[in-house]
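Asker: Please work out how this folds:
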Amino acid sequence: MTHRCIVCAGTSLKPLYEGILQCRQCNYVFADLGLTDEELFNLYTDRFFCGGEYKDYLADKKILQKNFKLRFRALQPFLERRHKSLFEIGSAYGFFLEVVRNHFDSVQGIDVHERGARYADEHLGLDVIQGDFLQHDFGNEKFDVVCLWDTIEHLREPQLYLRKISSHTESGALIAITTGDVESPVARLRKQKWRLIHPPTHAHYFSTKTLTRLLDSHGFNVIYNRYCGFYRSVDSALYNILVLRHGKSRAYELLQRSGAANFDFYLNLYDIMYVIARRR
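Answerer: Below is the predicted model:
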């Protein structure tokens, strides 16, 4: 199978790490996967949100919303009176939409995870669609702000998402994205052991240059790019390190029972980029 770079359309690729390829022309990095849409969507079951990539997404609502408030605070200076509608791709259980619902005339979201979309609808009263953004028919609907929080790296073909976003936005609309920076000092130091390299759920590894170039090719100019930190529960961090990475369930249980995990902390490793771009 011949791969074509989604950023520069080049076909000259080289192995970077096991199962990870890099474009020789623009340095875009991606996982060498051949997943169908069905196989990809099957990765995001209840297990993903409870016991998989997240220990318990619902239980972490308070901390997750602290992070979403930080993201929105950075976005607010770029909002204008014309930005009346917001759409989130990968809205999960609707926690971000709940935070910002009173700041827009309308907020909507979409996620492939059925239980998350249902929770957002039934418990939070939000307009969240369960389905595939690429397949859903939005008719002539236009969005003023589109957000993808830690989502673009999960998509099979992010360039198609940006193309569709472009077709449903007008000049002046904003797109806000958070994702890992594969050229950050931490990523360069850790190489294949960088915590964000874990295909198949993470399939794309952008840098400032490659993400900027991809956005530009779909009509968006980057107007903001900073590294962003995040809040995390000690419990969740210990679960990821001890259980998911090292299989030490007993050690995790002992620490959890001791009460040592009942806190949260703020961390910025300067390897998560927050990019805001404006539609030309």
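Asker: can you give me how far the longest helix along the chain is from the chain middle?
Answerer: If you go by DSSP state H, the chain has its longest helix at helix 61-75. Put simply, helix 61-75 sits 14 Å off its chain's centre (Cα atoms, centre = their mean, to the nearest Å).
Asker: what is the rounded mean pLDDT of it?
Answerer: In this model, helix 61-75 has a mean pLDDT of 97.
Asker: hang on, isn't Leu79 packed against Ala176?
Answerer: No. Leu79 lies out of contact with Ala176 (Cβ atoms under 8 Å); the separation is 10.3 Å. The C-beta positions use only the backbone N, C-alpha and C, and glycine is treated the same way.
Asker: intersection of neighbour lists for those two?
Answerer: Listed as contacting both Leu79 and Ala176 by Cβ atoms under 8 Å, 6 or more residues apart in numbering are Val145.
Asker: Mind checking which of the two has more residues around it?
Answerer: Higher neighbour count among Leu79 and Ala176: Ala176, with 21 against 16, using other Cβ atoms under 10 Å.
Asker: That one and Glu170: what is the separation?
Answerer: 17 Å (Cβ to Cβ, to the nearest Å).
Asker: Mind checking what helix or strand follows the helix or strand containing Ala176 in sequence?
Answerer: In this structure, Ala176 sits in strand 174-180 according to DSSP states H and E. Counting by DSSP H and E, the next helix or strand C-terminal to strand 174-180 is helix 185-190.
Asker: Next one, pLDDT for Ala176 please.
Answerer: 98.
Asker: Any figure for the gap between it and Arg278?
Answerer: Ala176 is 11 Å from Arg278, by Cβ to Cβ.
Asker: before we move on, what about His204?
Answerer: 22 Å.
Asker: neighbour-wise, which of the two wins?
Answerer: His204 (25 against 18).
Asker: was I right about that one contacting Glu153?
Answerer: Yes. Under the criterion of Cβ under 8 Å, His204 makes contact with Glu153 at 4.8 Å.
Asker: got any residues that touch both of the two?
Answerer: Thr179.
Asker: picking up where we left off before, who's in contact with the longest helix of the chain?
Answerer: Taking Cβ under 8 Å, 6+ apart as the rule, helix 61-75 contacts 57, 93, 95-96, 98-100, 103, 145, 147, 149, 174, 176, 178, 224, 226, 228-233, 236, 264, 274, 276.
Asker: hmm, back to that, what's the spacing between the strand holding Ala176 and its chain's center?
Answerer: Distance of strand 174-180 from the chain centroid (Cα atoms, centre = their mean) equals 8 Å.
Asker: Can you list the helices and strands that it packs against?
Answerer: Applying 3 or more Cβ pairs under 8 Å, 6 or more residues apart in numbering; DSSP states H and E, we find strand 174-180 packed against helix 61-75, strand 145-149, helix 208-216, strand 272-279.
Asker: would you list the ones you listed in JSON lines and tack on distance to Gln25?
Answerer: Shown next, in JSON lines, are those (distance: least, Cβ to Cβ, whole Å):
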{"stretch": "helix 61-75", "distance to Gln25": "32"}
{"stretch": "strand 145-149", "distance to Gln25": "25"}
{"stretch": "helix 208-216", "distance to Gln25": "11"}
{"stretch": "strand 272-279", "distance to Gln25": "21"}
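Asker: shaky segments in this structure?
Answerer: 1-2, 260-261 (pLDDT under 70).
Asker: let's go with 80 and repeat that
Answerer: 1-2, 236-241, 243-246, 252-262 (pLDDT under 80).
Asker: before we move on, the earlier item: what lines up beside the strand holding Ala176 in the sheet?
Answerer: Next to strand 174-180 in the sheet, as set by DSSP bridges, lie strand 145-149 (parallel), strand 272-279 (antiparallel).
Asker: Need the contact partners of the last one.
Answerer: Spelled out, it's strand 272-279. 71, 74-75, 78, 166, 169-181, 184, 206, 208, 211-212, 215, 219-230.
Asker: ok, of the contacts of helix 61-75, which come out buried?
Answerer: Buried residues within these, defined by neighbour count using 16 or more other Cβ atoms under 10 Å: 57, 93, 95-96, 98-100, 145, 147, 149, 174, 176, 178, 230-233, 236, 264, 274, 276.
Asker: Would you mind confirming that Ala31 is in contact with Pro199?
Answerer: Yes. With contact defined as Cβ under 8 Å, Ala31 and Pro199 form a contacting pair (3.7 Å).
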